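J.: I'll drop the sequence and a predicted model, then ask my questions.
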Amino acid sequence: MINILIHRGIALATLALGLIAMAPIPAEAQGFGDRFENLRNRGRATWEITRPGNYTLRRDFRAREGDAIVISASNVNLNLNGFAVSPAEGGTGRGIVIDGADCVTIRNGKVGGFQTNVAVLNSENSKVSDLLISGEGLAPAGGPSEIGIMIIDGRAITVRKNNISSVNLGIFVRGGGSTGNRIEKNVLVGGTTDANNLFGICYNPAPNAGPEGPSGDSIYNNHIARFNYAVSVSDGSLSNLFVDNTLSSFTGPFANPSAFEAQGGTNAEFDNASTIIATTPVAP
């Protein structure tokens with residue numbers, strides 16, 4: 001990775017073919033010109049964002065292996081600027097990761113083909129919005145091979161107006177530390193192979209933790225179609241509210257009805273429109 005600095009709007013170097021620019025604009029620099037970091041992309045290195053600021057993607061980024069972009073600094077705004085983040089091999093690595101950082105925004109671009117396309121881990125007050133996330137429709141392999149957006153122990157996370165398609169699992173919220181999140185106005189559609197489409201939205205315990213799942217989330221006005229079940233909620237996930245969602249699935253709207261108030265659970269659902277849709281005929 002090569003860093004070429006452009007100091008406060010005075011160009012010290014010109015972008016060459018093959019360079020990608022991410023532009024942090026710290027608050028103290030506003031009005032005095034932008035500070036740029038131009039990063040060479042050979043499809044190998046993970047971009048690590050370790051300082052607060054506003055970052056803008058200038059070209060598509062293809063990661064050869066592992067994670068593509070990891071954000072470990074709080075107070076970061078990452079604008080993908082309509083460009084795409086993808087792996088060299090489908091179903092591997094993670095696309096964009098917020099790791100232990102707060103007040104982070106990711107928006108406005110394309111992410112696709114990773115095992116986990118966006119991951120929010122141990123973060124607060126962050127937002128993922130206006131992304132096109134597209135998988136390759138891979139078959140599950142002992143668990144989801146492709147996840148759209150995953151939150152583990154996230155608090156006050158907003159996932160809004162994303163379009164997620166052809167993944168095993170659309171939005172996956174995990175862990176007793178997850179609370180107060182808002183999942184709203186997303187479109188989640190399974191791929192062309194029905195058997196590969198597990199759940200549109202899933203609420204579960206965190207890996208290698210106790211049975212506690214997320215609590216106190218609002219899941220509002222999402223459109224979910226072509227999954228085996230539209231929604232799966234574990235018994236340990238408590239007091240989450242599912243309202244005004246459209247749930248079109250092959251088997252049923254909720255994989256575990258006992259988690260909801262109507263059958264003695266603590267989660268609530270009302271004003272959801274649900275329907276069972278026909279599976280795709282299998283050619284002889």
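T.: Perfect, thanks for sending it. Numbering: from 1, shown residues only.

J.: would you map the strands across the stretch 151-284 of the chain?
T.: Remark: strands assigned in the stretch 151-284 of the chain by DSSP state E, counting those that start in this stretch are 158-160, 163-165, 169-174, 182-184, 187-189, 199-204, 218-220, 223-233, 241-243, 246-254, 268-270, 273-276.

J.: relative to residue 85, which of those strands is closest?
T.: strand 163-165 (14.4 Å; CB to CB). Where C-beta positions appear, they are placed from N, C-alpha and C, glycine not excepted.

J.: now do the closest one: distance to the chain's middle.
T.: 10 Å (CA atoms, centre = their mean, to the nearest Å).

J.: buried ones in it?
T.: Neighbour counts over strand 163-165 (16 or more other CB atoms under 10 Å) mark 163-165 as buried.

J.: who does that strand pair up with?
T.: strand 127-134 (parallel), strand 187-189 (parallel) (DSSP bridges).

J.: quick one: mean pLDDT over the last one.
T.: The reference is to strand 187-189. Strand 187-189 shows a mean pLDDT of 98.

J.: circling back: which among the strands of the stretch 151-284 of the chain is found nearest to residue 63?
T.: strand 163-165 (19.4 Å).

J.: which parts of the stretch 1-150 of the chain are strands?
T.: Going by DSSP E, counting those that start in this stretch, the stretch 1-150 of the chain shows strands at 3-6, 19-22, 36-40, 47-49, 53-56, 61-63, 69-71, 76-79, 84-87, 92-99, 104-112, 114-121, 127-134, 147-152.

J.: now the ones you listed in CSV, with distance to residue 188, mean neighbour count and mean pLDDT?
T.: Output for the strands of the stretch 1-150 of the chain, formatted as CSV (distance: least, CB to CB, whole Å; neighbours: other CB atoms under 10 Å; pLDDT from 0 to 100):
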stretch, distance to residue 188, mean neighbour count, mean pLDDT
strand 3-6, 38, 14, 26
strand 19-22, 29, 18, 40
strand 36-40, 32, 19, 36
strand 47-49, 27, 20, 95
strand 53-56, 27, 20, 97
strand 61-63, 24, 21, 93
strand 69-71, 22, 22, 97
strand 76-79, 22, 21, 98
strand 84-87, 19, 22, 96
strand 92-99, 17, 24, 97
strand 104-112, 14, 22, 98
strand 114-121, 12, 25, 98
strand 127-134, 9, 22, 98
strand 147-152, 7, 27, 98
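
J.: as CSV, the ones you listed with distance to residue 172 would be great.
T.: Converted to CSV, the strands of the stretch 1-150 of the chain look like this (distance: least, CB to CB, whole Å):
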stretch, distance to residue 172
strand 3-6, 34
strand 19-22, 27
strand 36-40, 30
strand 47-49, 23
strand 53-56, 25
strand 61-63, 21
strand 69-71, 19
strand 76-79, 21
strand 84-87, 18
strand 92-99, 13
strand 104-112, 15
strand 114-121, 8
strand 127-134, 12
strand 147-152, 4
